[in-house]
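Participant: structure here, sequence nowhere to be found:
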């Protein structure tokens, strides 16, 4: 939904659908993507669809970044990268959404996955990203990430026994 500076409703977009590209299934975060300063866009989560969707500022659908196996949370932009917690994961042999799984995914300026801390190494075949799984049982339900000035990551987890956020030091 979009409002003006006085709180007056302007428009809404999206909606609930598995089938329509310009709709969502469990929109779980949105951010203003200013990596292209002359053309800012909205980057929105479609968690159940394992995707981020890009829209113009007035809500016109532009594209989808499919992230197979990654039930992503809020997109976080820092520099040229997009970071996101993967709240639910899958495991080899059981490709349904699993609780107490998850990892962090990092996309570069071209929106290609370059790293998955706690997850499998991203693999591409013929330009298409292959299924990503939890690799190491480090995280439970990564729900958000933050990036500090030194590029360290703070990973917040949901339903993980009350643990404090984990700090991943950049190496």
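Facilitator: Nice, I can see it. This structure is a prediction, so every number in the text was calculated from the model and none was measured.
Participant: show me the beta-bridge partners of residue 61.
Facilitator: residue 55 (DSSP bridges).
Participant: ignore the last one, residue 81
Facilitator: With DSSP bridges as the criterion, residue 81 is bridged to residue 78.
Participant: hmm, residue 13 is touching residue 22, no?
Facilitator: Yes - contact criterion CB atoms under 8 Å: residue 13 and residue 22 qualify, at 7.3 Å. Where C-beta positions appear, they are placed from N, C-alpha and C, glycine not excepted.
Participant: for the helix or strand of the chain with the lowest mean pLDDT, which strands pair with it and how are they oriented?
Facilitator: One helix or strand of the chain scores below all others by mean pLDDT, DSSP states H and E: strand 94-98, with a mean of 75. Paired with strand 94-98 in the same sheet, following DSSP bridges, are strand 81-91 (antiparallel).
Participant: and the strand it pairs with, how far from the chain's centre?
Facilitator: 6 Å (CA atoms, centre = their mean, to the nearest Å).
Participant: burial of residue 27, as a residue count?
Facilitator: 17 (other CB atoms under 10 Å).
Participant: wait, what's in contact with it?
Facilitator: Applying CB atoms under 8 Å, 6 or more residues apart in numbering, we find residue 27 in contact with 14, 44, 45, 46, 47.
Participant: dump those residues into CSV; add distance to residue 79, pLDDT and neighbour count as well.
Facilitator: As requested, those are arranged in CSV below (distance: CB to CB, whole Å; pLDDT from 0 to 100; neighbours: other CB atoms under 10 Å):
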residue, distance to residue 79, pLDDT, neighbour count
14, 27, 82, 18
44, 20, 94, 23
45, 20, 93, 24
46, 24, 91, 26
47, 24, 89, 23
